[in-house]
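1. Prediction below, plus the sequence it came from.
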Protein chains: 2
Amino acid sequence: MVQHSRIRLDGSFGALSDATRRGVLEQLGRADASITDLADKFHMTLTGMKKHVHVLEHAGLVTTEKVGRVRTCKLGPRRLEEESAWLERYRLLWDARFDELDNVVEALKRKEK
Amino acid sequence: MVQHSRIRLDGSFGALSDATRRGVLEQLGRADASITDLADKFHMTLTGMKKHVHVLEHAGLVTTEKVGRVRTCKLGPRRLEEESAWLERYRLLWDARFDELDNVVEALKRKEK
DNA sequence: TAGATACTGAACCACATGGTTCAGCATTCG
DNA sequence: CGAATGCTGAACCATGTGGTTCAGTATCTA
């Protein structure tokens, strides 16, 4: 379970760490697209784009279906919930950490008096 | 500006795409730590851990300070706000996309009648 | 001062990433 | 049928990643 989640986060954060792939996701949010559409939009060869799509598909962020000679890409089933949750948890941690720091500062101030 | 943000997201999502680095962040949320502390905790050489810390530092997620022979690592200034915002925006997109799909399904249903 | 401790840098390794080109294959169109 | 279109796979390339070892340097401690 932990393993599973770890691997998922590796994959999805990794997928999001590239501007082209984030762009593809935003694009697919507006409309489904073929590999050719995406390759044109992002000024890249078909083969190059196919690799990006593969990464996104592997991360569950995109699904594709080939009909005739066209492979159509759509947004996948994952809503990045775990990823949002991780970030949210981190921000709580961060806040707590800095609150603690504030407390230390406060304590020092009191000592000074 | 856009460029700047793009690069930041590349760096931070990239930093988060590794389980060890996410672990280091969680650890530093509990307490500051030296490179040695972290290397021990994650069963890795000092040199290996130093590289992870460097990636986190480069992404603004960790700051370090060397006092004497010890380099102490703490959480950095960035709270992953842009990253949260990106994910949130994506989820809105995702919802809109699937709502649209629902509408299409509804429209088809109406046509069938 | 000697030795232990903590980090640093260089070099290396296997493998992944982000791209390309080129040579196909399958499908569609005229 | 023949040509154009859309994708696919293999091979290649430069660079990055995640780790190691080894050989230092700097700092503490006894």
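-> Perfect, thanks for sending it. Because the structure is predicted, anything quoted here is derived from the model rather than measured.

2. So which residues of chain A form strands?
-> Secondary structure of chain A, counting by DSSP state E: strands at A:33-34, A:62-67, A:70-75.

3. right, is the shortest one up against DNA strand D?
-> Yes. With CB under 7 Å from any atom of the strand as the criterion, DNA strand D is reached by strand A:33-34 at A:Ser34. Every C-beta, even on glycine, is put in place using the N, C-alpha and C of the backbone.

4. In chain A, what residue comes closest to DNA strand C?
-> In chain A, the residue that lies nearest DNA strand C is A:Gly68 (2.2 Å; CB to the nearest atom of the strand).

5. Go through stretch A:34-43 and flag the buried ones.
-> Neighbour-count burial for stretch A:34-43, counted by 16 or more other CB atoms under 10 Å in any protein chain shown, picks out A:Ser34, A:Ile35, A:Asp37, A:Leu38, A:Ala39, A:Phe42.

6. which parts of chain A sit against DNA strand D?
-> Where chain A comes near DNA strand D, counting by CB under 7 Å from any atom of the strand, the residues are A:Ser34, A:Ile35, A:Thr36, A:Ala39, A:Leu46, A:Thr47, A:Lys50, A:Lys66, A:Arg69, A:Val70, A:Arg71.

7. Break chain A down into its structural domains.
-> Following automatic domain parsing, chain A resolves into domains at A:1-77, A:79-113.

8. Quick one: name the residues of chain A near chain B.
-> With CB under 8 Å from any CB of the partner chain as the criterion, chain A comes near chain B at residues A:6, A:9-11, A:13-14, A:16-19, A:22, A:25-26, A:28-30, A:75, A:79-80, A:83-84, A:86-88, A:90-91, A:93-94, A:96-98.

9. Would you mind checking those residues for buried ones?
-> Neighbour-count burial within the residues of chain A next to chain B applies to A:9-11, A:13-14, A:16-19, A:22, A:25, A:28-29, A:75, A:79-80, A:83-84, A:86-87, A:90, A:93-94, A:97; the criterion is 16+ other CB under 10 Å.

10. Would you mind measuring from the residue most central in space within chain A to B:Asp10?
-> A centroid search over chain A (CA atoms, centre = their mean) returns A:Leu16, at 3.7 Å, as the residue closest to the centre. With the distance defined as CB to CB, to the nearest Å, A:Leu16 ends up 9 Å from B:Asp10.
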